[in-house]
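In: With the sequence up front, the predicted model follows.
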Amino acid sequence: MKRKALTAVFMAALLAMGLTACSSGGGSTDSASESDTIRIGCAIPLTGASAQDGQSIQNGAQIAVDQVNEAGGIDGKQVELVVEDDKGDSSEAATVANLLAEDSTISAVVGHFNSSCTLAGAPIYNQAGVVEISPGSSAAAVTDAGDYTFRVITTDAVQGRYLAEWAVNDLGYQNIAVLYENTDYGLGLAQVLEEAMADLGANIVVQEAYEVGATDYSTVLTKVASSEAEAIIIGGLYNETALIAKQRSSFGLENMQIMGVDAIYSDALIELGGDAANGILLTGYFSDASTSQVAQDFIAAYEEAYGEMPATYAAYGYDAALVILDAIQNVGADRAAIQEYLSTLEGLEGATGINSFDENGDVIKDPMRMTIENGEFVVIE
Amino acid sequence: MKILRNPKQKKVLYGIGLILLAAFPFLITNSYYLHVCISIGVYILLATSLNLVTGFAGQLSLGHAAFYGIGAYVGALLMLNFDVNFFLAMIASAVVSGLFGLLLGLPTLRLRGDYLAIVTLGFGEIVRLVFVNWAEVTRGPLGLPGIPSPSIFGFQISGRTAFYYLIIVLVLLTLFVMNRIVNSGVGMAMQTVKIDEIAAESIGIYPIKYKLIAFVVAAAFAGIAGCYYASYIAYISPTTFVYNTSVTILAMVVLGGLGSIPGSIIGAVILTLVPELLRFMSDYRMLIFGALMVFMMIFRPEGFWGASKRVKNIYKIKAGGGKNGSDSGDNQRHN
């Protein structure tokens, strides 16, 4: 009998929770019908493997919302960020997308983070006519995801091509060595560089893969040393780059220029690489060395609110929210109007650069050029 | 449960239930609620099919999501690359998933308990890795976008309401088949194997045969669920068919009550609804959810609708509800 009683209590508790959930849901629609707030969705992974990045995005987006609210809101209305966890799982993302798309008080959505989640949500957002702005999906397929799918992060191809143009057109290198990690990321970047170099009329004289986590780069560096290469472009992460930078002097390559995209941007590059890291050239969209006032204001606000430096995805989260808020400030909280406004948005300065959207909803922005001087990242003007 | 034993009242109850289910989209137009109902439907397919393996044949499988995924990918690839009609693709999904169930089952069903669990766990991981790495076909982690909606005689099924009715049909079909299987001689043999393999062999029931039947049928229905899911979401990626999903399905079966079809339904409903209802708790959602499951298992280990609630076996039904039949396994355990 005791068991039965406990079961009954358990079921009652479940039921009660269901009722509170419903009533809280109902409550929010009531407050929205009075429309004293503007609600923006934020669909990101808060549990699972990408939880840390999701939290950064939420924090970043919240900064953008707070800034608007402190300045008196939009037309006197306060902005509220409605956060939903998609667990980084595409099937959960579809549920969250339905939830946000159905709630007519949600004007637009910051999200999703993982490319698979953005793609799973895209048909739902497009059908319902809600803008989703991804702060983290860099996969090429997101380009074709629909009119209502935007992103404030560029594809890897954009940055790779920009780096190639920098090396060939501005620095005058004609013979390039490409060292890349043996993953889909490294291989993808190597392919982008190959195409870009062919278009620019430069030669790739060495193209070698290394394994992630390798500690000895003598094989690949010997090949570079015996070639005509004038610069090394790395398609990989900071750990390996630091080791390559350190080991190159043993092969008479101490003056060989090393270049990379923002995957090598990390304090660990400087810590591991030491003096050898000085002079490395890299591209990137967000850095605490950024000379942009918007970026510096964001960093200051973030540090004050959370007591730590914002991660890169926090800046992307901030920009995604910023773009939506800019649209609402200009055309109001109407879903379709926001889409129309964003499809022609040009030149909105955010923490990760100046945002414009192309006809596919992909962001167009030039990365910053950075180098390392005396153990610190510096932006090259 | 006395009401349910009276066949007339049972029919009336079923009728009312069906009407309510059919009217649901008209009563509630919120597409999020419909989506949750559709998700419940998909999980009912998955849970009742796994229940056949785990609940009735007594084999612990931790790789059910693999069959779900195989069905989804087979269906999606056929529809995307060869413009195959959804319903043909669904049959193909069922056949291919069933075939993989057979291939996995043949060598491994000789294993028992923990060992089989580990093998199925490994199978689930292998299948996931194939989805991730066979990039030329599956597009790897990027997944397959733009999967078309089904069409019948040129009439396109799209929108949540149509998908809702489709899943209701599939659920009813699955429940019908499962019900027939478990109440047939095959089903009885499965349960005998579950309770005591040696005793089963001694009375001429060849355990591996019945375990295999359970495995293949379960895999085929998971394949159907996968094909439906692929078409409904219009996008699949390997992240959906992971170990976690297998465990969720198993939790539905266990929480609902092993060896009970209504139990699996209740399990699927509760484990899909509760995380949604708990959304308002944001960060604490999965924590509370986990705690609820622990409490449930402590205070109600046989599940919401355990085997003890099952209407007795086929012999009784054949004998017009007489009292001579015995469902020895359940009685033994609950006496």
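Out: Arrived safely, thanks for sending.

In: Residue B:41: what's it in contact with?
Out: When contacts are counted by Cβ atoms under 8 Å, 6 or more residues apart in numbering or on different chains, residue B:41 touches B:164, B:167-168, B:170-171. (C-beta placed from N, C-alpha, C; glycine too.)

In: of all those residues, which comes closest to chain A?
Out: Closest approach between the contacts of residue B:41 and chain A, by Cβ to the nearest Cβ: residue B:164, at 12.6 Å.

In: measure the closest one to residue B:10 for me?
Out: For residue B:164, the distance to residue B:10 equals 25 Å [Cβ to Cβ, to the nearest Å].

In: quick one: which of these two has more around it?
Out: Set side by side, residue B:164 and residue B:10 show more neighbours around residue B:164, with 20 against 13, by other Cβ atoms under 10 Å in any protein chain shown.

In: Helix or strand: which one has that one?
Out: For residue B:164, the element it lies in under DSSP states H and E is helix B:160-182.

In: got the CA positions of the helix or strand just after that helix in CSV?
Out: On the C-terminal side of helix B:160-182, the closest following helix or strand by DSSP H and E is helix B:185-195. The C-alpha trace of helix B:185-195 is given here as CSV (Å, rounded to 0.1, in the frame of the first residue of the first chain):
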residue,chain,number,x,y,z
GLY,B,185,2.3,-19.1,-30.4
VAL,B,186,5.4,-17.3,-31.5
GLY,B,187,4.9,-14.7,-28.8
MET,B,188,4.4,-17.4,-26.2
ALA,B,189,7.5,-19.2,-27.3
MET,B,190,9.4,-15.9,-27.0
GLN,B,191,8.3,-15.4,-23.5
THR,B,192,9.2,-19.0,-22.6
VAL,B,193,12.7,-18.3,-24.0
LYS,B,194,12.9,-15.2,-21.8
ILE,B,195,12.0,-17.0,-18.7
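
In: quick one, helices of the stretch 201-335 of chain B?
Out: Applying DSSP state H, counting those that start in this stretch to the stretch 201-335 of chain B gives helices spanning B:207-233, B:243-256, B:261-277, B:285-299, B:314-318, B:328-334.

In: Show me what the mean pLDDT comes to for the last one.
Out: It refers to helix B:328-334. In this model, helix B:328-334 carries a mean pLDDT of 40.

In: Now stretch B:177-192: average pLDDT?
Out: 90.

In: what's in contact with it?
Out: Contacts with stretch B:177-192, where a contact means Cβ under 8 Å, 6+ apart, come from B:48-49, B:51-52, B:56-58, B:199-200, B:203, B:205, B:210-211, B:213-214, B:217, B:221, B:259, B:261, B:313-314, B:317, B:329.

In: Please tell me how far residue B:279 sits from chain A.
Out: Per Cβ to the nearest Cβ, to the nearest Å, residue B:279 is found 7 Å from chain A.

In: Next: residue B:35.
Out: Remark: distance between residue B:35 and chain A (Cβ to the nearest Cβ) = 4 Å.

In: Excluding chain neighbours, give the residue nearest to that residue in space.
Out: residue A:98 (4.1 Å; Cβ to Cβ, 6 or more residues apart in numbering or on different chains).

In: The one you found sits in which helix or strand?
Out: Going by DSSP H and E, residue A:98 is part of helix A:90-102.

In: That helix to helix B:243-256, inter-axis angle?
Out: If you take axes from the mean of the first three to the mean of the last three Cα atoms, to 10 degrees, helix A:90-102 sits at 80 degrees to helix B:243-256.

In: quick one: helix A:90-102 to chain centroid distance?
Out: In terms of Cα atoms, centre = their mean, to the nearest Å, the centre of helix A:90-102 is set 21 Å apart from its chain centre.

In: do stretch A:51-63 as well
Out: A distance of 11 Å separates the centroid of the chain from that of stretch A:51-63, by Cα atoms, centre = their mean.

In: That one vs chain B: in contact?
Out: No - using Cβ under 8 Å from any Cβ of the partner chain, stretch A:51-63 stays clear of chain B, coming no nearer than 9.7 Å.

In: contact partners of that stretch?
Out: So stretch A:51-63 is contacted by A:40, A:42, A:44-46, A:81, A:83, A:85, A:88, A:110-111, A:113, A:135-136, A:298, A:301-302, A:305-306, A:310-321, A:351 (Cβ under 8 Å, 6+ apart).

In: What's the ChimeraX syntax to select whichever of those residues are buried?
Out: One line in ChimeraX is enough to select the buried ones among those; burial here means 16 or more other Cβ atoms under 10 Å in any protein chain shown:
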select /A:40,42,44,45,46,81,83,85,88,110,111,113,135,136,298,301,302,306,310,311,312,313,314,315,316,317,318,319,320,321,351
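
In: out of the contacts of stretch A:51-63, which touch chain B?
Out: Taking Cβ under 8 Å from any Cβ as the test, chain B is in contact with A:46, A:83, A:85, A:88 out of the contacts of stretch A:51-63.

In: ok, now how distant is the closest residue to residue A:377 other than its chain neighbours from residue A:372?
Out: Once flanking residues are discounted, residue A:377 sits nearest to residue A:289: 4.6 Å by Cβ to Cβ, 6+ apart. To residue A:372, residue A:289 is 10 Å away according to Cβ to Cβ.

In: Could you measure from residue A:184 over to chain B?
Out: As judged by Cβ to the nearest Cβ, residue A:184 and chain B stand 7 Å apart.

In: Spatially nearest residue to that residue (excluding sequence neighbours)?
Out: Residue A:184 sits nearest to residue B:140 (Cβ to Cβ, 6+ apart), 6.8 Å away.
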